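Visitor: From the sequence below, what's the structure:
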Amino acid sequence: EFGGTLGKMMKFFGAGKPINSVDYYKGDQKRSDTFDGEKLASTAIIDIDRELFVNIDHKRQEYTQMTFEEWRQMFEQTMKDLKQDQAQEESETKTDVKWDIKVDVKETGAKEQIEGRPTDQVIITLDVNTTVTAQEEGKAPETAKANLIVTSSQWMFKGDDSAQKEMMLFSLKMIKKLGIAPDKASMQQMMHQVFESYPQLGAAMEKLQKESDKLGGVAMRVESLYESKADPQTAQAMKEGKKDKESTEIPTSVGGLVGGLGKKMLNKQLEKKQEHKDRTTLLKSKLEVTDLTTSSLGSGLFEIPASYKLVKPQTK
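Guide: Sure thing, here's the model as predicted:
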C-alpha cells in the first residue's frame, strides 16, 4: 500500500491488491506458486542439484529457464553497469553523500496467537539520515537532506522448528552453489560490491540481517512501514512557502527510492501535511503466513508440464 497521491495512482493501475502464494521445500528443490484469485497464475522453481531457475506462466502455458552460471554473469554485468552509471554521474556533478544510520531491535514482550501458534513480537527499526551536497561546475553547492525510517514489526513463532530448518538448509545450499557463502568474509564482499559507494549503508544492512538472523523461528506476520521525515530546516522553509530546489525536493540520490513523477507527488504531499505531522508515509506492507505444515511431497510437484513451451526470457 503506497501512501498519499502516489497510492491512489498505484491503485488506479491495479497495484495494492493482496498477493497469495504457496512455497514448497523438498531437499534441493523449492517451488513458489502465485495465484490470481483462486487460479494458479505462475510458478518459480529453483533446482539446486541441476543449478537451474525456472519460471512458469500457466496462463500462456510457457516457461523460461536460467542456469546458475547465467545468473552469476547477469549479476556481474549489473554491478559493472551500476559502477559505470555512478562514474558518469560523478563526472557531471560533484556529489558528496553522508549517511547516519541507526539499527534498533526490540523484543516488546507482546504475544499473539496466529494460525493457532504462539508468537512473540519483535520490532526492528532502521533510521537512515542522509545529507547530499551537489555542485555543478561554475555554480554554488546545493545541500539537501532526507530521512528514511523503516519500522518492521515481526511476530515470531519459535515452537516446532522442523519447517524453519528445512527452509534454512535450502537457502544455505543455494547460496553456496551461487558462489556466495554465508560466512562473514563473503557477506562483507557481497556488501562491498553492492554498497561500494555507501559503506555505512552496507554496514547497516549487514547489521540488520545479523540481528534478524538472531531472532530464530518463523515470522508468521511481518508488518513494515516506510516513512520519510523532513529535517527542521526543510520543514520551516515549507511553512514560509519557499520553493527552491534545496529546501523542497526529495533528493533522488538517496538509494533511488523515488524519482520522476513519484518524487513530485511526494514533494506536494510533504508540503501539504508538514504542518500537521513530521512524517510522510511512503509505503506499508503486510506479509502473513496462513498455513505452515510439514508433509511428504511428490517429485512431480517440481516438474514442468509436458505440454508447456520453452521460450526465451524477455530482456530490456
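
Visitor: For the rest of this, base every contact and every neighbour count on C-alpha atoms.
Guide: Will do.

Visitor: Which element, helix or strand, includes P305?
Guide: According to DSSP states H and E, P305 maps onto no helix or strand at all.

Visitor: What about it, how many residues nearby?
Guide: 14 (other C-alpha atoms under 10 Å).

Visitor: Report the contact partners of it.
Guide: By C-alpha atoms under 8 Å, 6 or more residues apart in numbering, no residues touch P305.

Visitor: ok, residues contacting stretch 153-168?
Guide: So stretch 153-168 is contacted by 25-27, 112, 117-124, 215-224, 292-294 (C-alpha under 8 Å, 6+ apart).

Visitor: in a strand, that's where Q73 is, yeah?
Guide: No. Counting by DSSP: H, G, I helix; E, B strand; the rest coil, Q73 is not part of a strand but helix.

Visitor: where does this structure have low pLDDT?
Guide: For the chain, applying pLDDT under 70 flags the ranges 1-16, 86-87, 89-93, 180-209, 213, 230-277, 315-316.

Visitor: Return stretch 223-230 as PDB; C-alpha atoms alone will do.
Guide: Provided in PDB are the C-alpha atoms of stretch 223-230 (Å, rounded to 0.1, in the frame of the first residue of the first chain):
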ATOM      1  CA  GLU A 223       4.200  -5.500   9.100                       C
ATOM      2  CA  SER A 224       6.600  -2.900   7.600                       C
ATOM      3  CA  LEU A 225       6.200   0.800   7.400                       C
ATOM      4  CA  TYR A 226       8.400   3.100   5.200                       C
ATOM      5  CA  GLU A 227       8.300   6.800   6.100                       C
ATOM      6  CA  SER A 228      10.100   9.900   5.100                       C
ATOM      7  CA  LYS A 229      10.800  12.800   7.500                       C
ATOM      8  CA  ALA A 230      11.800  16.300   6.600                       C
END
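
Visitor: coming back round to it: now the contacts of stretch 153-168: which count as buried?
Guide: 25-26, 119-124, 215, 217-222, 224 (16 or more other C-alpha atoms under 10 Å).

Visitor: can you pull the buried residues of the longest strand seen in the chain?
Guide: The residue-count maximum for a strand in the chain (DSSP state E) belongs to strand 94-114. In terms of neighbour count (16+ other C-alpha under 10 Å), strand 94-114 has its buried residues at 95, 97, 99, 101-102, 105, 114.

Visitor: Just give the strands next to that strand in its sheet, each with its orientation.
Guide: Looking at strand 94-114 with DSSP bridges, its partner strands are strand 117-135 (antiparallel).

Visitor: neighbours around K286, how many?
Guide: So K286, with other C-alpha under 10 Å, has 14 neighbours.

Visitor: So S153 versus S285, what's the distance?
Guide: 11 Å (C-alpha to C-alpha, to the nearest Å).

Visitor: neighbours of K80, just the number please.
Guide: K80 has 13 nearby residues by other C-alpha under 10 Å.

Visitor: What of E38?
Guide: E38: 8 neighbours (other C-alpha under 10 Å).

Visitor: gap between it and L287?
Guide: For E38, the distance to L287 - C-alpha to C-alpha - is 18 Å.

Visitor: Could you tell me which residues touch both of S153 and S285?
Guide: In contact with both S153 and S285: 223-224, using C-alpha under 8 Å, 6+ apart.

Visitor: Please identify which helix or strand holds the residue nearest to D127 when sequence neighbours are not counted.
Guide: Distances taken as C-alpha to C-alpha, 6 or more residues apart in numbering put I149 closest to D127, at 4.6 Å, once the chain neighbours are dropped. Assigned by DSSP H and E, I149 belongs to strand 142-157.

Visitor: That strand pairs with which strands, parallel or anti?
Guide: Strand 142-157 is paired, per DSSP bridges, with strand 117-135 (antiparallel), strand 218-229 (antiparallel).

Visitor: Nearest residue to M66 in space, please, no chain neighbours.
Guide: Nearest non-adjacent residue to M66 (C-alpha to C-alpha, 6+ apart): F53, at 5.1 Å.

Visitor: on contacts alone, who are the packing partners of the host helix or strand of that neighbour?
Guide: F53 is located in strand 52-57, with elements delineated by DSSP H and E. Judged by 3 or more C-alpha pairs under 8 Å, 6 or more residues apart in numbering; DSSP states H and E, the packing partners of strand 52-57 are strand 39-47, strand 62-67.

Visitor: what's the closest of the ones you listed to T281?
Guide: strand 39-47 (31.0 Å; C-alpha to C-alpha).

Visitor: Quick one: residues in contact with that closest one.
Guide: 28-35, 52-59, 302.

Visitor: filter these to the buried ones?
Guide: Buried among these (16+ other C-alpha under 10 Å): 28-34, 52-57, 302.

Visitor: And those residues, which two are furthest apart?
Guide: D28 and D57 (22.3 Å).

Visitor: which strands and helices sit next to the host helix or strand of Q77?
Guide: Using DSSP H and E, the element containing Q77 is helix 68-92. Counting contacts by 3+ C-alpha pairs under 8 Å, 6+ apart, helix 68-92 packs against no other helix or strand.
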